[in-house]
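Enquirer: When you get a sec, could you give me coordinates for this:
(one chain, ligands or ions: 1)
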Amino acid sequence: MNLTMSAPTHIPVLLEETIEALDVQPGGRYIDCTLGAGGHAAAILEHSSPGGQLLGIDADPRAIKIARARLEAYSSSTLLINQNFANLQAICNKYDFFPVHGILFDLGLSSLQLENGRGFSFQHDAPLDMRLSPRQEITAAIIINASPESQLAHLIRAYGEERYSQQIAHQIVQQRPIITTLQLAQMIEEAVGGRRGRIHPATKTFQALRVAVNQELEHLQSALKQAIDLLGFGGRLVVISYHSLEDRIVKRLMHQEASGEEACLRLVNKKVITPSLAEVQFNPRSRSAKLRAAERITGPGEQFLSG
Ligand SMILES: C[S@@+](CC[C@H](N)C(=O)[O-])C[C@H]1O[C@@H](n2cnc3c(N)ncnc32)[C@H](O)[C@@H]1O
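Expert: Residues are numbered from 1 along each chain as shown. I've put the predicted structure just below:
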């Protein structure tokens, strides 16, 4: 497979806005916690050159491989790590990579993962896997086929905000085993009485399963706290989220850390940044994106950014 050819199929979302929100400067030290196909990382490296450094993290070994090929020209200033960003602090300690000028989280999945038959999408028939990393043990199939009905209903409600969670969980339990994405999608459609509107009725359940399989909310909550600690004075934290559960965590933490006497952050934008109409038309996957940015107003080295 030609990796360089396949890399550009993920279009980075809110790219200019991200570089501006990170306030990328030549010689700066940055972390991309969700490397993906390396689109944002390439722009960060370009804007931080000469002398910039980037630590890129992704839980998916295939993403690392693609990004490594894409960022080859910058290989001497990049360090790419195949790990979960929940281990951010440990990774930075190991490689002595702190304090930093900016940290980016571009959450969720890349187009490559959605298209790769790994069970994330009901547009393609595939086994119900949904793991970001093959090192994880729990797949979506295990959750679907082994959880009690009440637990399934709770999960679909809590992580998918699906109002028909009870009906869907009931139908799943009746029809198990469920092996593939299309089988599940079709069953959900029947459970909720067919399609209404443009959004497929399986969308929220698929989101819920993905969030559960990858413990997305727990890892995000923990990684954001670690990220704040790694920023130097004046360093920026930028997070792009794609659904309300993620955005709520980001918003809460940023607002909490930016208020009161002990505040360690300042919000860079009072309002959340969303893609322009032109970007959504060009890249429909950007439509639900929300960017929030905060700046560290305490921390190591007041002269850090100018130094
Ligand atoms: C939307 S994509 C990032 C795309 C990237 N910004 C680009 O321009 O190509 C999100 C990436 O984050 C990775 N990811 C999601 N959750 C993660 C986690 N907890 N730890 C590490 N990587 C994660 C996914 O594997 C995926 O490759």
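
Enquirer: Quick check, Ala263 in contact with Arg296.
Expert: No: counting by CB atoms under 8 Å, Ala263 sits too far from Arg296 to count as a contact (10.2 Å). For every residue, glycine as well, the C-beta is placed using N, CA and C.

Enquirer: contacting residues for Arg236?
Expert: Going by CB atoms under 8 Å, 6 or more residues apart in numbering, Arg236 touches Ala21, Leu22, Asp23, His101, Gly102, Ile103, Val268, Ala293, Ala294, Glu295, Arg296.

Enquirer: partners of the helix or strand hosting it, with directions?
Expert: Using DSSP states H and E, Arg236 falls within strand 231-241. Sheet pairing of strand 231-241 (DSSP bridges) gives strand 100-106 (parallel), strand 290-296 (antiparallel).

Enquirer: re earlier: just the closest of the contacts of Arg236 to Asn214, please.
Expert: The shortest approach to Asn214 among the contacts of Arg236 belongs to Ile103, at 19.7 Å (CB to CB).

Enquirer: The closest one and Val238: what is the separation?
Expert: Distance, Ile103 to Val238, by CB to CB, to the nearest Å: 7 Å.

Enquirer: Could you list the residues of the stretch 151-300 of the chain in contact with the ligand?
Expert: Contact residues, the stretch 151-300 of the chain versus the ligand (CB under 6 Å from any ligand atom): His219.

Enquirer: Look up phi and psi at the residue of the stretch 151-300 of the chain found nearest the ligand.
Expert: Closest to the ligand within the stretch 151-300 of the chain is His219: 4.3 Å, counting by CB to the nearest ligand atom. The phi/psi pair for His219 (degrees, to the nearest 10) reads phi -70, psi -40.

Enquirer: Touching, it and Leu88? I think so.
Expert: No: His219 is beyond contact range of Leu88, at 9.7 Å (criterion: CB under 8 Å).

Enquirer: just for the protein, where's the confidence low?
Expert: 1-8, 301-307 (pLDDT under 70).

Enquirer: Grab the most central residue of it for me.
Expert: The centroid of the chain falls nearest to Leu107 when counting by CA atoms, centre = their mean (1.5 Å).

Enquirer: dump the residue contacts of that residue.
Expert: Leu107 neighbours (CB under 8 Å, 6+ apart): Thr34, Glu216, Leu220, Val239, Ile240, Ser241, Tyr242, Glu246.

Enquirer: let's see 10 Å
Expert: 33-34, 85, 216, 220, 239-243, 246-247, 249-250, 289-290 (CB atoms under 10 Å, 6 or more residues apart in numbering).

Enquirer: Now the phi/psi pair for Lys271, please.
Expert: phi -110, psi 150.

Enquirer: Stretch 104-118 close to the ligand?
Expert: Yes: Stretch 104-118 comes into contact with the ligand (CB under 6 Å from any ligand atom), by way of Asp106, Gly108, Leu109, Ser110.

Enquirer: What distance separates the opening and closing residues of stretch 32-42?
Expert: Using CA to CA, to the nearest Å, one end of stretch 32-42 lies 10 Å from the other.

Enquirer: Show me which positions of it end up buried.
Expert: Asp32, Cys33, Thr34, Leu35, Gly36, Ala37, Gly38, Gly39, His40, Ala41, Ala42 (16 or more other CB atoms under 10 Å).

Enquirer: The ligand next: which of the residues you listed are close?
Expert: Thr34, Gly36, Ala37, Gly38, Gly39, His40.

Enquirer: helix, strand or coil for Leu209?
Expert: With DSSP: H, G, I helix; E, B strand; the rest coil as the basis, Leu209 sits in helix.

Enquirer: That one and Ser165 touch, don't they?
Expert: No: with contact defined as CB atoms under 10 Å, Leu209 does not count as touching Ser165 (12.0 Å).

Enquirer: and for these two, which residues touch both?
Expert: Joint contacts of Leu209 and Ser165 (CB under 10 Å, 6+ apart) are Leu152, Leu155, Ile156, Tyr159.

Enquirer: ok, those vs Pro127, which is closest?
Expert: Using CB to CB, the shared contacts of Leu209 and Ser165 come closest to Pro127 at Leu152, 18.5 Å.

Enquirer: For this structure, which segments count as strands?
Expert: Assigned by DSSP state E, the chain shows strands spanning 29-32, 53-58, 78-82, 100-106, 231-241, 265-267, 290-296.

Enquirer: what's the most buried one of these?
Expert: strand 29-32 (a mean of 28; mean count of other CB atoms under 10 Å).
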